[in-house]
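Q: Sharing a model prediction with you, sequence too.
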Amino acid sequence: MARKQREFDNALKQIQREDTNPIAEFIGVPVLDPLLAETFALLLEAGVSPVAAVWELVPEAPAETVERTAQRWVRDRLVLDAVSRLHGGLWHELSPDQRMSVALGVYRAQCAHYLVTHRFDEASAGELAKLETARAVLEKFTAGGIDPTDPLAAFARAAEGIMRSAAERKAPGVLASLEDDEAEALP
């Protein structure tokens, strides 16, 4: 028993002394270092799934270890710190506008990645629906258009209508004449 404990202690000391982890090397997955964690975080921000990011970074990794590795790396402190740097701070420290911007940016990146990695002619019915959603999201974003079904856009239209009717009640005809002046000023 004492011999096994000494072997374990020696292996643990070796792991702590070296830059590499012999256990991780044995299963074919490198230990995260700051550069690898930063690259993994960049891939996640680019819309790549954690499993696909592990495959991208460690193409020779055994298939049975990739999902488990992705789950570990997503929770690793080095990756969490890298993600925080990319976002400009910890999630709970970001302003609501910053969180919204980060969330929408990651969502659009995931949509773009999905479109690039799935072929239309080979897609199942479920994949076709996802492809169509991703395409529509990206087209609206690149065109600068507003989705008429978007609840926030509906709220903005309702608020604008309330403001217009209040302005019309306070100063009848003034709003219409201002809009006419703006229309004449346009080239």
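A: Yes, it's here. Numbers count the residues shown, from 1 in each chain.

Q: Which residues outside the lengthiest helix in the chain are in contact with it?
A: For the chain, the longest helix by residue count, based on DSSP state H, is helix 96-117. Contacts with helix 96-117, where a contact means Cβ atoms under 8 Å, 6 or more residues apart in numbering, come from 44-49, 52, 87-89, 91, 94, 130-131, 133-135, 137-138, 141. In short, each C-beta sits where N, CA and C put it, glycine included.

Q: May I see the buried residues of it?
A: If you call a residue buried by 16 or more other Cβ atoms under 10 Å, then helix 96-117 has these buried ones: 102, 106, 108, 110, 111, 112, 113, 114, 115.

Q: rewinding a little: now the contacts of helix 96-117: which count as buried?
A: Neighbour counting by 16+ other Cβ under 10 Å classes 44, 45, 47, 48, 52, 87, 94, 131, 134, 137 among the contacts of helix 96-117 as buried.

Q: and residue 98, how far is that from residue 81?
A: 17 Å (Cβ to Cβ, to the nearest Å).

Q: With residue 43 instead?
A: 16 Å.

Q: These two: who's more crowded?
A: Applying other Cβ atoms under 10 Å to residue 43 and residue 81 shows that residue 43 carries more neighbours, namely 18 against 15.

Q: you'd agree that one is up against residue 53?
A: Yes - taking contact to mean Cβ atoms under 8 Å, the distance of 4.0 Å between residue 43 and residue 53 places them in contact.

Q: SS state for residue 89?
A: Reducing the assignment to helix, strand or coil with DSSP: H, G, I helix; E, B strand; the rest coil, the entry for residue 89 is coil.

Q: list the contacts for it?
A: Applying Cβ under 8 Å, 6+ apart as the definition, the contact partners of residue 89 turn out to be residue 98.

Q: Lowest-scoring secondary structure element of the chain by mean pLDDT?
A: Counting by mean pLDDT, DSSP states H and E, the chain has its least confident helix or strand at helix 22-27, which shows a mean of 48.

Q: Give the next helix or strand downstream of that helix.
A: For helix 22-27, the following helix or strand on the C-terminal side (DSSP states H and E) is helix 34-45.

Q: Looking at residue 59 now. What's its pLDDT?
A: pLDDT for residue 59: 89.

Q: now for the chain, which residue lies nearest the mean position of the chain?
A: The structure's the chain has its C-alpha centroid closest to residue 106; by Cα atoms, centre = their mean the separation is 2.6 Å.

Q: Residues contacting stretch 69-87, please?
A: Around stretch 69-87, the neighbours that count as contacts under Cβ under 8 Å, 6+ apart are 29, 32-34, 37-38, 40-42, 44-45, 49-51, 53-54, 58, 61, 90-91, 94, 98, 102.

Q: try 7 Å this time
A: The set of residues that contact stretch 69-87 without belonging to it, under Cβ atoms under 7 Å, 6 or more residues apart in numbering, is 29, 32, 34, 37-38, 40-41, 45, 50-51, 53-54, 61, 90, 94, 102.
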